[in-house]
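1. pasting the structure only:
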């Protein structure tokens, strides 16, 4: 794995931003003084913490959040007990964001990985987020990899020029998420013909839809995430890289154009493209709830920085192919504040560019099928079982609340499902979540 890098970001993000002099992480957030440190350690000692994850298991956000949750607890004063990952998909990350903003304890025991598009969603008038990202306490950022517009190798759309000539189906999560807004903006900025199909629970579900041919690509995942979740696609060249959203080209994709280069010569489009680029400088940001005492925020920021230098963390990141581009929480806080405080005239223009028109974005049609099969196997937690579908093994996700489970007609829990039981499974297909499981002993 490449060395963990820190970025020095100048202030004045909406004027000029410079990412300069990346180097091995050295200076981290200042630690609290001795008395405060003792109080912080006393508070955290033995406590159970939670990491709220804005997507379903298996995607890039999930990978980075779980990786940090395992290792950061060693560097938090106390130390606390385990940090438990809690997946909370829904609304393109809005369900998790609203929980953290309004419901989660405001004491520093809950962290979350936030959608990179949440600040932009807030500033452009998104009304389904019931909070203010400026009030979150930003702990660190784990990735600076550029968001990429990609298609699967089976798609006839292989370049950005192809995307201007034919309708290309792009998979997305929630209706108001960045995964919808960004490709819609690309249509305005580049005269592309992207059609967004939204409603997938997470990036992993969109990837499966690409394999099944339901959609052709994605618009906001980055190279680091692709390497982590689908390394074989990179190895086997199963992705077409059309464009990247960043201030500079990814060194591994020197021939893939930047959005800001493709709009040169059109002043309005240049301004909108620059705002979208700057709004995505933060890639995999970690935040604590509003209202956390300052000394605990400082301790969490220092813990994240110390984790970046931890050999065990770096080894695990390498094993999971999770490339780390660290940025301190103070810089993240400044960037997000300036995005939200951008001039209204600019925000109004950006909003127009990102708002779908007509059938430019549509809800995916859920095609459920019911398969009757014996349970071949199940994992320890019971949240995944394997059945036979068309003679092949198929993985079924079992949710503790959303999946309606019965055994011999009686309500049951997923822990009650055993290998060998015959179940009628209603789901979308391999590696999708079951809506119902009707089993017999």
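-> That came through, no problem. Here the structure is a predicted model, which means the values were calculated and not measured.

2. which residues touch residue 113?
-> 51, 52, 53, 54, 61, 64, 65, 68, 284, 285, 286 (Cβ atoms under 8 Å, 6 or more residues apart in numbering). To be clear about C-beta, it is placed using only N, CA and C from the backbone, and glycine gets the same treatment.

3. wait, doesn't residue 364 sit right on residue 200?
-> Yes: with the criterion set as Cβ atoms under 8 Å, residue 364 and residue 200 qualify as a contacting pair; they are 6.6 Å apart.

4. please name the residues that touch residue 128.
-> 91, 94, 98, 176.

5. give me phi/psi at residue 293?
-> Summarising the backbone geometry of residue 293 under the convention degrees, to the nearest 10, its torsions are phi -60, psi 140.

6. can you pull out the strands in the stretch 251-400 of the chain?
-> Secondary structure of the stretch 251-400 of the chain (DSSP state E, counting those that start in this stretch): strands located at 285-288, 325-328, 361-363, 369-374, 377-378, 384-389, 392-397.

7. can you tell me what sits against the fifth one?
-> Residues from elsewhere that reach strand 377-378, judged by Cβ under 8 Å, 6+ apart: 384, 385, 386, 417, 418, 419.

8. quick one on the thing from earlier: out of the strands of the stretch 251-400 of the chain, flag the one nearest residue 131.
-> Shortest distance between residue 131 and the strands of the stretch 251-400 of the chain, using Cβ to Cβ, is found for strand 285-288: 10.6 Å.

9. which helices and strands does the closest one pack with?
-> Strand 285-288 makes packing contacts with strand 110-113, strand 137-141, helix 294-308, helix 329-340 when contacts are defined by 3 or more Cβ pairs under 8 Å, 6 or more residues apart in numbering; DSSP states H and E.

10. hmm, 7 Å instead?
-> In terms of contacts (3 or more Cβ pairs under 7 Å, 6 or more residues apart in numbering; DSSP states H and E), strand 285-288 is packed against strand 110-113, strand 137-141, helix 294-308.

11. same question for the longest one, mean pLDDT?
-> Computed over helix 294-308, the mean pLDDT rounds to 97.

12. and it, what's buried?
-> Using 16 or more other Cβ atoms under 10 Å as the test for burial, helix 294-308 gives 295-308.

13. low-scoring stretches of the stretch 1-150 of the chain, by residue?
-> Where the stretch 1-150 of the chain drops to pLDDT under 70, the residues are 1-35.

14. please enumerate the helices of it.
-> When assigned using DSSP state H, counting those that start in this stretch, the helices of the stretch 1-150 of the chain occupy the ranges 34-44, 60-72, 94-102, 118-123.

15. any chance of those in a markdown table, with distance to residue 329 and mean neighbour count too?
-> Below are the helices of the stretch 1-150 of the chain laid out as a markdown table (distance: least, Cβ to Cβ, whole Å; neighbours: other Cβ atoms under 10 Å):
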| stretch | distance to residue 329 | mean neighbour count |
| --- | --- | --- |
| helix 34-44 | 16 | 15 |
| helix 60-72 | 12 | 24 |
| helix 94-102 | 15 | 21 |
| helix 118-123 | 15 | 24 |
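
16. which one of those helices lies nearest to residue 268?
-> Closest among the helices of the stretch 1-150 of the chain, once you apply Cβ to Cβ, is helix 118-123, at 17.7 Å.

17. which helices and strands sit right next to that closest one?
-> Packed against helix 118-123, as judged by 3+ Cβ pairs under 7 Å, 6+ apart, are the following elements: helix 329-340.

18. buried sites along the helix it packs on?
-> Applying a neighbour-count criterion of 16+ other Cβ under 10 Å, one finds 329, 331, 332, 333, 334, 335, 336, 338, 339, 340 buried in helix 329-340.

19. could you tell me the angle between that helix and helix 294-308?
-> 110 degrees (axes from the mean of the first three to the mean of the last three Cα atoms, to 10 degrees).

20. rewinding a little: of the contacts of residue 113, closest to residue 350?
-> If you rank those by distance to residue 350 using Cβ to Cβ, residue 285 comes first, at 19.8 Å.

21. thinking the closest one is in contact with residue 141, fair?
-> Yes: counting by Cβ atoms under 7 Å, residue 285 does reach residue 141; the two are 4.8 Å apart.

22. what is in contact with the two at once?
-> The contact sets of residue 285 and residue 141 overlap at residue 332 (Cβ atoms under 7 Å, 6 or more residues apart in numbering).

23. in the chain, which residue is most central in space?
-> In the chain, the centroid-proximal residue (Cα atoms, centre = their mean) is residue 61; its distance is 3.6 Å.

24. tell me how far the closest residue to it other than its chain neighbours lies from residue 229.
-> Closest residue to residue 61 in three dimensions, ignoring its sequence neighbours and counting by Cβ to Cβ, 6 or more residues apart in numbering: residue 55, at 4.6 Å. If you measure residue 55 against residue 229 using Cβ to Cβ, to the nearest Å, the figure is 11 Å.

25. quick one: which of these two has more around it?
-> Between residue 55 and residue 229, counting by other Cβ atoms under 10 Å, residue 55 is the more crowded of the two (27 against 21).

26. how much space separates the more buried one from residue 90?
-> Residue 55 sits 9 Å away from residue 90, going by Cβ to Cβ.

27. tell me which of the helices of the stretch 1-150 of the chain lies nearest to residue 234.
-> Taking Cβ to Cβ, helix 60-72 is the member of the helices of the stretch 1-150 of the chain nearest to residue 234, at 13.2 Å.

28. name the residues that touch that closest one?
-> 51, 53-55, 83, 85, 87, 113, 142-143, 203, 221, 225, 228-229, 284, 286, 303-304, 307, 310, 312-313, 316-317, 320, 322.

29. hey, what's residue 147 bridged with?
-> Note on residue 147: beta-bridge partners by DSSP bridges are residue 222.

30. that one contacts residue 241, doesn't it?
-> No: contact between residue 147 and residue 241 fails when scored by Cβ under 7 Å: they sit 11.4 Å apart.

31. so between these two, which is more surrounded?
-> Neighbour tally, residue 147 and residue 241, criterion other Cβ under 10 Å: the higher count belongs to residue 147, 26 against 20.

32. who are the contact partners of the more buried one?
-> Residue 147 sits next to 220, 221, 222, 245, 280 when contact means Cβ under 7 Å, 6+ apart.

33. so who does residue 253 touch?
-> Under the criterion of Cβ under 7 Å, 6+ apart, the contact partners of residue 253 comprise 223, 241, 244.

34. ok, it to residue 39 distance?
-> In this view, residue 253 and residue 39 are 47 Å apart by Cβ to Cβ.

35. for the stretch 151-300 of the chain, which segments count as helices?
-> For the stretch 151-300 of the chain, helices defined by DSSP H, counting those that start in this stretch occupy the ranges 160-165, 178-190, 203-212, 223-229, 231-235, 259-262, 267-278, 294-308.

36. I'd like the average pLDDT over the fourth one.
-> When you say that, I think you mean helix 223-229. Predicted confidence along helix 223-229 averages 86 (mean pLDDT).
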